[in-house]
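S.K.: Quick one, fold the following:
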Amino acid sequence: MVKPNLEKWMNSRLRRFKIKGRIVIVLLAGLSLHLVLMLVIFNFYSYTYLQKDLYRHVVQTQRQIGLSVELMADDIQMLFLRFLVNSDIYQIINNDHLPAADKELRIGTIIDDMLADNDLAGNVIIHTNDNVLYSYQTKQQMLEVPEALFIKRIQESSMPVVGEIKRDGEGNAYIPFGQQFRNFNTGQNIGVVIIYVRESALAALYSSSFTGIGYSFLTSGNRIVSHPDKRLLGNYLEESAPIRPGKEEGYRTWSENGNTYIIATYPLNPRLASLGVSWEFTSVISSHKLFAGIVKGNRNALLFASITFIVLLLLSFYLAAQITRPLLNLKKKLGLFGKKDLAAVYDPRGQVDEISQLENSYYQMVERISQLMLEKDEEKEKQRKAELTALQSQINPHFLYNTLDAIAWIARLKKQPDIERLISSLATFFRISLHKGDKFVTVEEEIRLVQSFVTVEQMRFPDKFGVEYQMDESLQGVRILKLILQPIAENAIKHGISEKRGAGRIWIKGELLGEEIRFTVTDDGVGFANGATLSQAKEDVLFQSGYGLRNVDERIKLEYGPQYGLSISSTPGQGTTVTIRLKKELSK
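M.R.: This next block holds a predicted model:
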């Protein structure tokens with residue numbers, strides 16, 4: 001209870017000041033805290049803590065670089081796969097009608113296309129079982145003719161094989177990767193593929209990781225695969241070498257001539273052994289240089305001021321939250337607009353600051369808006385009734401009934417049963433829908449209206465759909481709002497069944513659940529993606545037929561209350577279900 005009371009006390013005291021005064025308080029508190037933090041942090045932030053944190057940073061950096069090297073190994077394997085699945089190479093090699101020069105030219109073009117955007121590979125050589133050599137580079141540019149021993153190792157291995165470091169005429173180093181070259185479709189052994197990977201591409205992944213404080217290198221067992229000093233490439237490390245990589249991930253220290261070094265090792269993922277890669281990533285970092293930078297950074301006034309500023313900023317946010325809390329409360333009251341009487345929740349406490357003046361202006365505005373909204377709702381209801389009256393007055397019911405009956409009798413005399421059925425259904429539809437201007441009908445009459453509409457639609461689309469009705473007997477005499485089910489059925493036919501291939505079906509079900517009536521209209525039509533809401537009726541064609549689902553939902557909410565209305569669920573290709581919830585009214 002102490003903390004809430006303290007916050008209440010602080011809030012009440014701050015509200016006695018104007019905003020300008022509060023800002024002065026915040027600045028004074030921030031400056032005072034800034035001076036205190038300068039003394040506390042320098043004594044608390046020890047060298048040992050920084051040392052552990054930096055060791056952790058070295059290991060994390062190594063891990064990130066190691067992951068990059070693993071991805072590069074995956075890229076090499078993907079390049080092998082591209083050669084294996086390229087059927088054009090098989091066809092050219094096995095085409096005995098092509099001259100050797102044409103074969104070299106065509107295969108060289110294919111390899112050139114594969115390596116067009118690839119800076120990883122310096123050369124690719126295909127060595128067939130017939131001792132024919134195809135190369136991305138010309139014979140004059142070629143690093144070497146692959147050694148027979150290396151080719152034999154590849155032929156005898158089911159996995160890729162990594163060879164010894166090779167250099168070109170300019171001294172650039174390459175790591176050869178070899179793999180059997182089999183027809184991807186038939187399994188025929190054609191020869192071997194050798195990809196010369198640029199050592200510089202590997203070095204680029206880690207060369208800038210510890211610049212100025214150390215260096216990194218890659219090893220395979222005891223052999224150096226990649227190193228900043230290119231003269232060491234291919235050399236072997238002795239068992240007693242202090243920089244020899246460890247067997248597990250981690251770091252150790254090594255001292256020599258008064259200097260201490262951190263030796264950090266990251267073995268690559270064992271899964272890369274299936275790609276012929278068993279490498280370790282090692283970094284050698286000078287402890288003196290590493291921690292000298294940290295000490296210098298800790299003494300840097302700008303960095304310390306930045307950290308202190310962040311803390312001061314957090315405190316300022318807290319104080320600002322205390323200051324702006326009345327505004328947040330006012331925002332909550334704005335959210336209650338239209339839901340409850342806001343004048344009842346206003347509790348003035350005699351504050352005289354700008355926020356209290358804003359609150360007074362707000363309540364004056366709310367009172368005026370409430371009055372305008374009330375006037376608008378009354379005007380809107382009058383307009384709705386006037387539009388409905390104008391719509392109904394355009395049709396003379398008796399003239400319409402008599403005309404439709406006359407047409408039905410003529411159809412009967414002419415022995416046209418389909419036309420007679422169509423006209424009779426239409427007459428029933430209009431008789432119930434108009435219903436002397438009443439807006440309520442019984443459930444039985446509403447179902448008859450739907451059946452009349454369905455009959456007309458079935459005459460228009462023969463054998464396109466069928467309708468099943470399941471109605472509780474207790475609902476027959478219950479009065480409901482008119483024209484509730486017909487627009488739903490029309491929507492199911494127009495947007496669900498008509499766009500479906502083949503025949504469809506509609507199920508109309510009604511049940512009485514306590515004081516609530518629930519109808520469901522389900523079709524097995526094309527459906528649609530869930531997410532459409534009744535508020536999107538103007539944009540979605542699903543709601544634009546007849547009265548429209550949105551219109552039906554609005555009429556239900558106006559008559560029965562906002563907790564009643566429509567809900568829609570649909571699955572593309574399976575159908576749509578519309579649920580209608582109404583309040584039970586007394587039977588007539």
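S.K.: so where do the strands sit in the stretch 401-550 of the chain?
M.R.: With DSSP state E, counting those that start in this stretch as the criterion, the stretch 401-550 of the chain has strands at 440-442, 465-471, 479-481, 504-513, 516-523.
S.K.: Relative to residue 241, which of those strands is closest?
M.R.: Closest to residue 241 of the strands of the stretch 401-550 of the chain is strand 516-523 (C-beta to C-beta; 77.8 Å). For the C-beta atoms, the positions are set from N, CA and C on the backbone; glycine is no exception.
S.K.: Name the residues that touch the closest one?
M.R.: Outside strand 516-523, the residues that touch it by C-beta atoms under 8 Å, 6 or more residues apart in numbering are 443, 475, 478, 480, 484-485, 488-489, 492-493, 496-497, 504-512, 575-584.
S.K.: Residue 205 and residue 68 touch, don't they?
M.R.: Yes - contact criterion C-beta atoms under 8 Å: residue 205 and residue 68 qualify, at 4.7 Å.
S.K.: and these two? which has more neighbours close in?
M.R.: Shown here are residue 205 and residue 68; by other C-beta atoms under 10 Å, residue 205 has more neighbours (20 against 15).
S.K.: tell me the mean pLDDT over the helix or strand that one falls within?
M.R.: When elements are assigned from DSSP states H and E, residue 205 belongs to helix 199-206. Helix 199-206 shows an average pLDDT of 84 in the prediction.
S.K.: now do stretch 275-288
M.R.: For stretch 275-288, mean pLDDT rounds to 80.
S.K.: Quick one: the strands of the stretch 401-550 of the chain as a markdown table, columns for distance to residue 37 too.
M.R.: Shown next, in a markdown table, are those (distance: least, C-beta to C-beta, whole Å):
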| stretch | distance to residue 37 |
| --- | --- |
| strand 440-442 | 75 |
| strand 465-471 | 75 |
| strand 479-481 | 69 |
| strand 504-513 | 65 |
| strand 516-523 | 64 |
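S.K.: what's the burial count for residue 77?
M.R.: Residues lying near residue 77 (other C-beta under 10 Å) number 18.
S.K.: what comes up buried for the helix or strand where it lies?
M.R.: Using DSSP H and E, residue 77 sits in helix 47-84. By neighbour count on 16 or more other C-beta atoms under 10 Å, the buried set for helix 47-84 is 54-55, 58-59, 61-62, 65-66, 69-70, 72-73, 76-77, 79-80, 83-84.
S.K.: ranges for the helices of the stretch 351-500 of the chain?
M.R.: 354-393, 397-413, 417-434, 443-460, 485-491 (DSSP state H, counting those that start in this stretch).
S.K.: Same check on the stretch 1-150 of the chain?
M.R.: In the stretch 1-150 of the chain, the helices defined using DSSP H, counting those that start in this stretch lie at 2-14, 19-44, 47-84, 87-94, 100-114, 148-156.
S.K.: Could you do the stretch 201-350 of the chain as well?
M.R.: 287-298, 301-335, 342-345.
S.K.: And the closest residue to residue 123 other than its chain neighbours, how far from residue 33?
M.R.: Ranked by C-beta to C-beta, 6 or more residues apart in numbering and with sequence neighbours excluded, the top spatial neighbour of residue 123 is residue 196, at 4.3 Å. According to C-beta to C-beta, to the nearest Å, residue 196 and residue 33 sit 62 Å apart.
S.K.: How about residue 457?
M.R.: In terms of C-beta to C-beta, residue 457 sits 77 Å off from residue 33.
S.K.: higher neighbour count, those two?
M.R.: residue 457 (19 against 15).
S.K.: residues contacting that one?
M.R.: Residue 457 neighbours (C-beta under 8 Å, 6+ apart): 465, 490, 493.
S.K.: if I look at the first one, how far off is residue 476?
M.R.: Shown here: residue 465 relative to residue 476, a distance of 25 Å by C-beta to C-beta.
S.K.: ok, back up a step: I'd like to check the angle between the helix holding residue 77 and helix 199-206, please.
M.R.: Calculated by axes from the mean of the first three to the mean of the last three C-alpha atoms, to 10 degrees, helix 47-84 forms an angle of 150 degrees with helix 199-206.
S.K.: Helix 47-84 relative to helix 100-114, how many degrees between them?
M.R.: Angle, helix 47-84 to helix 100-114, by the same axes, to 10 degrees: 140 degrees.
S.K.: pLDDT averaged over helix 47-84, what's the number?
M.R.: Helix 47-84 carries an average pLDDT of 77.
S.K.: So what angle separates the directions of that helix and helix 87-94?
M.R.: 50 degrees.
S.K.: Kindly indicate the member of the contacts of residue 457 with the most neighbours.
M.R.: Most neighbours among the contacts of residue 457, by other C-beta under 10 Å: residue 493, with 24 neighbours.
S.K.: ok, of the helices of the stretch 351-500 of the chain, where does mean pLDDT dip lowest?
M.R.: helix 397-413 (a mean of 61).
S.K.: my guess is residue 63 contacts residue 266, does it?
M.R.: Yes - contact criterion C-beta under 8 Å: residue 63 and residue 266 qualify, at 5.9 Å.
S.K.: so what sits against both of the two?
M.R.: Common neighbours of residue 63 and residue 266, using C-beta under 8 Å, 6+ apart, are residue 249.
S.K.: need the helix or strand of the chain with the lowest average pLDDT.
M.R.: The weakest-scoring helix or strand in the chain, judged by mean pLDDT, DSSP states H and E, is helix 342-345 (a mean of 49).
S.K.: ends of stretch 164-174, how far apart?
M.R.: Separation of the first and last residues of stretch 164-174 by C-alpha to C-alpha, to the nearest Å is 9 Å.
S.K.: Stretch 458-466 now?
M.R.: End-to-end span of stretch 458-466 (C-alpha to C-alpha): 8 Å.
S.K.: got the buried residues for it?
M.R.: Buried residues in stretch 458-466, counted by 16+ other C-beta under 10 Å: 458, 465.
S.K.: any chance you could map the strands in the stretch 101-250 of the chain?
M.R.: Along the stretch 101-250 of the chain, counting by DSSP E, counting those that start in this stretch, strands occupy 121-128, 133-135, 161-162, 166-167, 173-182, 189-198, 214-220, 223-226, 250-256.
S.K.: With respect to residue 234, which of those lies nearest?
M.R.: Nearest of the strands of the stretch 101-250 of the chain (C-beta to C-beta): strand 223-226, 6.6 Å.
S.K.: ok, and what's touching that closest one?
M.R.: Outside of strand 223-226, the residues within contact range by C-beta under 8 Å, 6+ apart are 165, 175, 199, 202-203, 217-219, 232-237, 279.
S.K.: pLDDT below threshold where in the stretch 1-150 of the chain?
M.R.: Applying pLDDT under 70 to the stretch 1-150 of the chain flags the ranges 1-32, 34-36, 38-52, 54, 138-143.
S.K.: 80 instead, please
M.R.: Scanning the stretch 1-150 of the chain for pLDDT under 80 picks out 1-59, 62, 66, 115-119, 136-145.
S.K.: For the strands of the stretch 101-250 of the chain, please prepare CSV with the additional fields distance to residue 526.
M.R.: What follows is the strands of the stretch 101-250 of the chain, written out as CSV (distance: least, C-beta to C-beta, whole Å):
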stretch, distance to residue 526
strand 121-128, 51
strand 133-135, 56
strand 161-162, 57
strand 166-167, 64
strand 173-182, 49
strand 189-198, 52
strand 214-220, 59
strand 223-226, 60
strand 250-256, 61
